[in-house]
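Q: Take this sequence and fold it.
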Amino acid sequence: MQKLPLQMPLAYLIGDILSTKPLVKANIEKVEARMRAQANERHPDLRVALDNLLAAGGKRVRPKLVLLTGNMLGADPEKLVTLAAAIEMLHTATLVHDDLIDGSLMRRGNDTLNANWTPAATVLTGDFVFARAAKLAAETGSLTVMEEFAETLAIMVNGELTQMFDARGLASRENYYERIYAKTGSLFELSTHGAAIISPVDTEIIEKARIFGRELGTAFQIVDDILDFTGDQAAVGKPVGSDLLQGLITLPALYYIEQYPNDKQVKSLLNGHYHNEKEMAILVENIRQSNAIQLALNEAKEYASRALQSLNGQPQSEERLALESLAQYVTNRNV
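A: Next up, the predicted model:
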């Protein structure tokens with residue numbers, strides 16, 4: 001497999017890979033249609049807002065994971081489309097609220113909802129999208145899926161609160177892994193776990209599907225965090241080192257701090273001076289030039305390897321090969 005520079009947003013690169021699969025291409029349009037239909041017969045501004053949110057898109061990595069996993073395991077295609085739409089709408093709703101919380105005015109090259117609407121209208125729109133996502137999850141007919149859906153939402157909200165109140169300037173691996181599970185791992189886990197739950201398979205296979213999503217999501221987020229140090233600002237869509245400027249210590253920074261606890265910029269970060277752009281720029285460059293990037297990538301590869309191992313025992317199929325390629329691709333690149 002060709003290695004690519006770790007510069008572009010990972011979701012876009014992965015989405016492009018998954019979009020080449022015929023089964024995914026055939027069903028993702030149905031997922032889009034199910035999502036757009038959720039604002040029918042509602043307030044006209046709400047319909048416009050949802051259309052704009054969905055048009056801004058992204059690469060639909062999570063629904064594609066649902067479709068590949070469920071097709072591999074023999075799930076009903078219509079239930080898979082419904083579940084995929086539910087999970088992507090859950091993801092979309094979290095982005096609406098995140099953009100408001102962070103004060104972000106642009107996402108994927110488009111105005112965010114809060115750039116043009118009042119905070120109250122933005123919150124209510126996010127709430128509406130959450131509600132419609134829950135309705136779609138219920139339409140799978142699985143109580144277990146509904147329970148997992150609700151638990152995932154609770155984990156994500158708790159993670160946001162932890163990041164707001166407890167994570168700034170905190171050099172803790174436990175805190176880091178809790179944050180990235182809440183931010184990314186939990187929704188990847190729901191995508192593959194939910195697809196397995198509605199498939200005609202036993203509990204062992206369902207558990208393996210859950211593990212695949214969790215481990216893949218963890219690897220995905222670690223590599224995304226590496227991008228914050230190695231990525232191209234224009235391609236990534238945010239300033240290099242933006243996590244540090246918010247006081248968020250990710251895995252590459254953790255490795256560097258462990259090796260150089262007396263570094264001047266490390267002390268500045270840990271003492272709460274992470275808004276000092278000059279100091280943080282020096283720290284970003286020091287981390288880039290150290291072995292912390294490679295150590296973090298090695299750790300991501302361990303998670304990707306465990307994701308691959310969880311596919312053992314599945315019969316060979318186009319979907320399994322696609323999932324294997326995805327797990328390999330996440331970390332198989334130069335930094």
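Q: low pLDDT regions in the protein?
A: For the chain, residues meeting the criterion pLDDT under 70 lie at 1-23, 57, 108, 167, 233-239, 333-335.
Q: what residue is smack in the middle of it?
A: Against the mean C-alpha coordinate of the chain, by Cα atoms, centre = their mean, the closest residue is residue 184 at 3.8 Å.
Q: Look at the closest residue to that residue other than its chain neighbours and say how many residues are nearby.
A: Spatial nearest neighbour of residue 184, chain neighbours left out: residue 221 (4.0 Å); criterion: Cβ to Cβ, 6 or more residues apart in numbering. Where you see a C-beta, it was placed from the backbone N, CA and C, and this is true even at glycine. Here the count is done by other Cβ atoms under 10 Å, and residue 221 has 25 residues near it.
Q: Report the contact partners of residue 221.
A: Shown in contact with residue 221 (Cβ atoms under 8 Å, 6 or more residues apart in numbering): 180, 183, 184, 185.
Q: can you list these in JSON lines and add secondary structure?
A: Compiled in JSON lines, the contacts of residue 221 are given as follows (DSSP: H, G, I helix; E, B strand; the rest coil):
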{"residue": "180", "secondary structure": "helix"}
{"residue": "183", "secondary structure": "helix"}
{"residue": "184", "secondary structure": "helix"}
{"residue": "185", "secondary structure": "helix"}
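Q: hmm, back to that, show me what contacts the residue nearest to the centre of the chain?
A: Residue 184 makes contacts with 217, 218, 220, 221, 224, as judged by Cβ under 8 Å, 6+ apart.
Q: domain ranges for the chain?
A: 22-141, 142-315 (automatic domain parsing).
Q: hang on, the earlier thing: mark which of the contacts of residue 184 are buried, thanks.
A: Among the contacts of residue 184, those classed as buried by 16 or more other Cβ atoms under 10 Å are 217, 218, 220, 221, 224.
Q: Tell me the buried residues in the strand or helix carrying the fourth one?
A: Under the criterion of DSSP states H and E, residue 221 resides in helix 203-230. With burial defined by 16+ other Cβ under 10 Å, the residues of helix 203-230 counted as buried are 205-206, 208-230.
Q: now swap in stretch 38-52 and tell me
A: Residues 38, 39, 46, 49, 50 are the ones in stretch 38-52 that count as buried (16+ other Cβ under 10 Å).
Q: With respect to residue 331, which of the domains of the chain lies nearest?
A: Comparison of those against residue 331 by Cβ to Cβ identifies domain 142-315 as nearest, at 4.5 Å.
Q: what about the closest one, how long is it end to end?
A: End-to-end distance of domain 142-315 (Cα to Cα, to the nearest Å): 25 Å.
Q: Ok, stretch 304-317 next?
A: Across stretch 304-317, first to last residue, Cα to Cα, it's 20 Å.
Q: Got the phi and psi for the residue of the chain most remote from its centre?
A: Distance from the C-alpha centroid of the chain, by Cα atoms, centre = their mean, peaks at residue 262 (33.4 Å). Here is the backbone geometry of residue 262 (degrees, to the nearest 10): phi -100, psi 0.
Q: Ok, residue 246 next?
A: The phi/psi pair for residue 246 (degrees, to the nearest 10) reads phi -100, psi 0.
Q: Next: residue 160.
A: The phi/psi pair for residue 160 (degrees, to the nearest 10) reads phi -60, psi -40.
Q: Which residues are in contact with it?
A: Residues in contact with residue 160 (Cβ under 8 Å, 6+ apart) are 98, 101, 182.
Q: likewise residue 245?
A: 239, 274, 275, 277, 280.
Q: Are any of these buried, and if so which?
A: The neighbour count (16+ other Cβ under 10 Å) marks 274, 280 as buried among the contacts of residue 245.
Q: can you list the contacts of residue 245 in JSON lines and add distance to residue 30 and secondary structure?
A: Below are the contacts of residue 245 laid out as JSON lines (distance: Cβ to Cβ, whole Å; DSSP: H, G, I helix; E, B strand; the rest coil):
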{"residue": "239", "distance to residue 30": "38", "secondary structure": "coil"}
{"residue": "274", "distance to residue 30": "45", "secondary structure": "coil"}
{"residue": "275", "distance to residue 30": "46", "secondary structure": "coil"}
{"residue": "277", "distance to residue 30": "46", "secondary structure": "helix"}
{"residue": "280", "distance to residue 30": "45", "secondary structure": "helix"}
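Q: Kindly indicate which of the contacts of residue 245 lies nearest residue 136.
A: Closest approach between the contacts of residue 245 and residue 136, by Cβ to Cβ: residue 239, at 35.7 Å.
Q: Fine, thanks again, bye for now.
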